[in-house]
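Participant: Let's see this in three dimensions:
(one chain, ligands or ions: 1)
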Amino acid sequence: MSEATNQLDVLVVGAGFGGMYMLHRARQLGLRAQVLEAGSDVGGTWYWNRYPGARCDVESLEYSYQFDEALQQEWQWSERYAPQPEILAYCQHVAERFDLRRDIEFNTRVLSAHFDEAAKRWSVTTERGQTFQAQFVVMATGCLSVPNVPEIDGAERFKGPIYHTGRWPKEGVDFTGKRVAVLGTGSSGIQSIPLIAQQAKSLTVFQRTPNHSVPAQNKPLDPTLEAAIKKNYADLRARNAQETIGFGARHPSNQGSVLEASPEEREAQFEYHWQLGGLLFMRAFGDMGLSAEANEYAAEFIRNKIRQKVKDPATAAKLLPDTAVGCKRLCADSGYFETFNQPHVSLVDLQETPLKGLYEDGVETESGRFEVDAVVFATGFDAMTGALSRIDIRGRAGQKLSDAWAEGPKTYLGLQVVGFPNLFTVTGPGSPSVLTNMLPSIEQHVRFITDAIADTKAAGLSTMEAQQGAQDAWVGHVNEVGNATIYPSCNSWYVGANIPGKPRVFMPYLGFPAYCEKCDAVKAAGYEGFERAA
Ligand code: NA7
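Facilitator: From the prediction side, this is the model:
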C-alpha cells in the first residue's frame, strides 16, 4: 500500500450522488479523500436500476445537484421525469466535470471497516484484498442498494433466466416472443410492467399486495418552464427547502382537511392533484398523511380510478389497495393499470393463491402452474440498513454495528452511531432521506459531514462521536414523529417489513426543514450531542 492511501483523511464508500459530492466537497476543504465503489462506474441507484421504464418520481429540474450554479445551468433534461439512462449520463457528466474518477476505485466492494482505538483510525478492507487506513469513514452506500431476492423454493430448478430489477443487465433484455412472469408490484414493477408487456408474448404479474399508483403525467420538458426556473434556480431551491419533502414547491399544496371539505371540494382537490401526477397527489389535503380517516377518502378516490381504468371487474377488484395511501411509497406510473386490459396480460393474486415456488418451466402457486420463459423479480430492496449490515463494521471494543442495531437502527441524526467514532452515514436511518427529494438531503448531509471533519481537524482534535443521551433522545423523537402519521401503518420497506426477520422500526425521519434547522443548531452549538476528543 502506498503511503498516500495510508494517510487518508476520509474514505468514502459508494460513488452515487452521495459519494460523488462527498469527494468533491472533501477536496474543496483540502481533505485527502478516496472513494471505493462496487460498480464499474459512478451513479449508484441509477447505475444498477436499468430495468425498462426506470425513472425518477421527483421532477428532473428538482432531482439534481444545486451546489454548483454552472452545473445546474448547463445540464438539460429532456423530460419532466428523467429516465434512468439520462440520470446516469448526468452522474457521468458530474464525474467528468469535477474530475472525480481519479479518486474513485471501481469494481471494489468493501468487506469490513474496523476502528483501531489506539491509532484512532479506521482500517477498511475490500474484496480485492486491499486495506485502506483513514481517519474518517463515510458510508454513502445508499438507501435502496441491496436487492431483496426472495428465497423461493425451486428457483435453482427454473430453466430460464431470472432477473432482478435492481441488478438489470447492462446490455438490456429482449423479451420479444417470450412468456414472462413479474413478481412484485412496487414502484419497480409498476414502472417496468407496461414496457415488458409491450415486448412479451404473454405477461403474468404475481401480486402479493396491491399498490396505490397515480399517473406520473410525464411529458417532454417544456423549454419555457426550464428557462423560467433556470433564470432564478436559487429561488426554487430555497422554496423547496421549506417543503416537508424537499420538493414540489412549484405546485399548490392544499393544507385544508379532507374531513372538513364538502364532497365537491374533496373531488375537485383530488382530481386536480391526480392531474398534477405522481407523488404530488399527496398535496391534495393537509391531513392525508396524518389521519387514517382522512386518508381513506384519498384511498377510495384512487380505487375508483382503478375501477374506471381496468375493464375486467374481477381483475380490477384484485388491484384495489386496502392500505393507507402513502404508507408504502406512492407509485408514479405510465399506463400501469391499463396494461391489464391487454389480452396477453394477466394478474395472479398471491393473497388468494399463495406462491409455492418456481419449477423447471415456470411459477407455481396453490392454484396451479404458470409456464414462462423468464422471471423478473421486482421485489425491492433491503432498504436503509441493508448495505451497512453487509459490511463487517466494528467500532470501539470490537463492537459490531449489526449487534448495536439488532433491535433496529439507532443513530444520532442519521449521521452517527454511539461507539463508532469518525464513522458517518449519508442519509442514514433516522434522517429524512427517502421521505424527501434525495438530492438536497444528500447535499445537506455531505455539507454537515465535511464541515464536521474539517472543524474537528482544525481544532486539533482526533475523534467525533455521537453521545448516548443525544442518540436516545433523537431515536425517541424520530419514533414519536413517525407514529403520529399514517406512514408506519402498513408492511412497507420503510419499516423493514419486506425482509423476513428484520426488526419492525420506522426508519426515516419525517420533516426536512425541521431536520436541517436541528443540524444547523447542533453545529452552531459546537456539535452539540457529539463528543469531540484529542
Ligand atoms: P418495493 O416497493 O419494496 O416493492 C417490492 C414488491 O415486491 C412489493 O409488491 C412486494 O410485495 C413484492 N414482494 C417482495 N417480496 C416478495 C415475495 N417474497 N413474494 C412475492 N412478492 C414479494 O420495491 P421497488 O423496487 O418496487 O421500489 C422500491 C423503491 O424504489 C420505491 O419505493 C421508490 O422509492 C423507488 P409486498 O408489498 O411486500 O407484499
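Participant: Sheet partners, orientation included, of the helix or strand where residue 113 lies?
Facilitator: If you go by DSSP states H and E, residue 113 is part of strand 110-116. According to DSSP bridges, strand 110-116 forms sheet pairs with strand 121-126 (antiparallel), strand 392-394 (parallel).
Participant: so how far is the longest one from its chain's centroid?
Facilitator: Relative to its parent chain, strand 121-126 has a centroid offset of 26 Å by Cα atoms, centre = their mean, to the nearest Å.
Participant: helices or strands up against the very next helix or strand once past that strand?
Facilitator: Remark: after strand 121-126, the chain's next helix or strand is strand 131-139, criterion DSSP H and E. Strand 131-139 makes packing contacts with helix 3-6, strand 8-13, strand 33-36, strand 121-126, strand 423-425, helix 438-458 when contacts are defined by 3 or more Cβ pairs under 8 Å, 6 or more residues apart in numbering; DSSP states H and E. The C-beta positions use only the backbone N, C-alpha and C, and glycine is treated the same way.
Participant: Indicate which one of the ones you listed is closest to the ligand.
Facilitator: Closest approach to the ligand among those (Cβ to the nearest ligand atom): helix 438-458, 9.1 Å.
Participant: and that closest one, what does it pack onto?
Facilitator: strand 8-13, helix 17-28, strand 131-139, strand 463-466, helix 512-524.
Participant: Contacts only, for the residue of the stretch 251-400 of the chain found nearest the ligand.
Facilitator: Shortest the stretch 251-400 of the chain-to-the ligand distance, computed as Cβ to the nearest ligand atom: residue-wise this is residue 380, at 2.6 Å. Residue 380 makes contacts with 144, 147, 148, 166, 184, 186, 188, 493, 498, as judged by Cβ atoms under 8 Å, 6 or more residues apart in numbering.
Participant: Distance check, residue 111 against residue 504.
Facilitator: Distance, residue 111 to residue 504, by Cβ to Cβ, to the nearest Å: 29 Å.
Participant: quick one, which of those two is more surrounded?
Facilitator: residue 111 (14 against 11; other Cβ atoms under 10 Å).
Participant: Give me the distance between the more buried one and the ligand.
Facilitator: Going from residue 111 to the ligand by Cβ to the nearest ligand atom, to the nearest Å gives 26 Å.
Participant: Check residue 26 too.
Facilitator: On the measure of Cβ to the nearest ligand atom, residue 26 and the ligand end up 28 Å apart.
Participant: Could you check how far that residue is from residue 344?
Facilitator: 52 Å.
Participant: ok, the residue in the chain that the ligand sits nearest to - how many residues close by?
Facilitator: Closest approach between the chain and the ligand, counting by Cβ to the nearest ligand atom: residue 186, at 2.1 Å. Residue neighbour count, defined by other Cβ under 10 Å, stands at 22 for residue 186.
Participant: Start the count at 12 instead of 1 going forward.
Facilitator: Understood, numbering begins at 12; the last thing we discussed is residue 197.
Participant: how about it, what does it touch?
Facilitator: Neighbours of residue 197 in contact, by Cβ under 8 Å, 6+ apart: 222, 339, 340, 342, 389, 390, 391.
Participant: how close does it get to residue 208?
Facilitator: 17 Å.
Participant: do residue 525 as well
Facilitator: In terms of Cβ to Cβ, residue 525 sits 43 Å off from residue 208.
Participant: Mind checking which of these two has more residues around it?
Facilitator: Comparing residue 525 with residue 208 by other Cβ under 10 Å, the one with more neighbours is residue 208, at 22 against 13.
Participant: Could you chop the chain up by domain?
Facilitator: Split into domains by automatic domain parsing, the chain comes to 14-157+394-544, 190-388.
Participant: hey, C-alpha coordinates of stretch 306-322 in PDB?
Facilitator: Provided in PDB are the C-alpha atoms of stretch 306-322 (Å, rounded to 0.1, in the frame of the first residue of the first chain):
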ATOM      1  CA  ASN A 306     -56.600   9.100   4.200                       C
ATOM      2  CA  GLU A 307     -59.400   6.700   3.400                       C
ATOM      3  CA  TYR A 308     -61.000   9.400   1.200                       C
ATOM      4  CA  ALA A 309     -57.900   9.500  -0.900                       C
ATOM      5  CA  ALA A 310     -57.700   5.700  -1.000                       C
ATOM      6  CA  GLU A 311     -61.300   5.500  -2.200                       C
ATOM      7  CA  PHE A 312     -60.600   8.200  -4.900                       C
ATOM      8  CA  ILE A 313     -57.700   6.000  -6.200                       C
ATOM      9  CA  ARG A 314     -59.800   2.800  -6.000                       C
ATOM     10  CA  ASN A 315     -62.500   4.500  -8.100                       C
ATOM     11  CA  LYS A 316     -59.800   5.500 -10.700                       C
ATOM     12  CA  ILE A 317     -58.600   1.900 -10.800                       C
ATOM     13  CA  ARG A 318     -62.200   0.600 -11.300                       C
ATOM     14  CA  GLN A 319     -62.600   3.000 -14.200                       C
ATOM     15  CA  LYS A 320     -59.400   2.100 -15.900                       C
ATOM     16  CA  VAL A 321     -59.500  -1.700 -15.600                       C
ATOM     17  CA  LYS A 322     -62.200  -3.200 -17.800                       C
END
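Participant: if we can go back for a sec, what mean pLDDT does the strand holding residue 124 have?
Facilitator: With pLDDT averaged residue by residue, strand 121-127 scores 98.
Participant: do the same with stretch 508-517
Facilitator: 95.
Participant: Run through who's touching that stretch.
Facilitator: With Cβ under 8 Å, 6+ apart as the test, stretch 508-517 has contacts from 159, 390-391, 393-394, 396-397, 417-420, 440, 489-490, 493-494, 498-499, 501-507.
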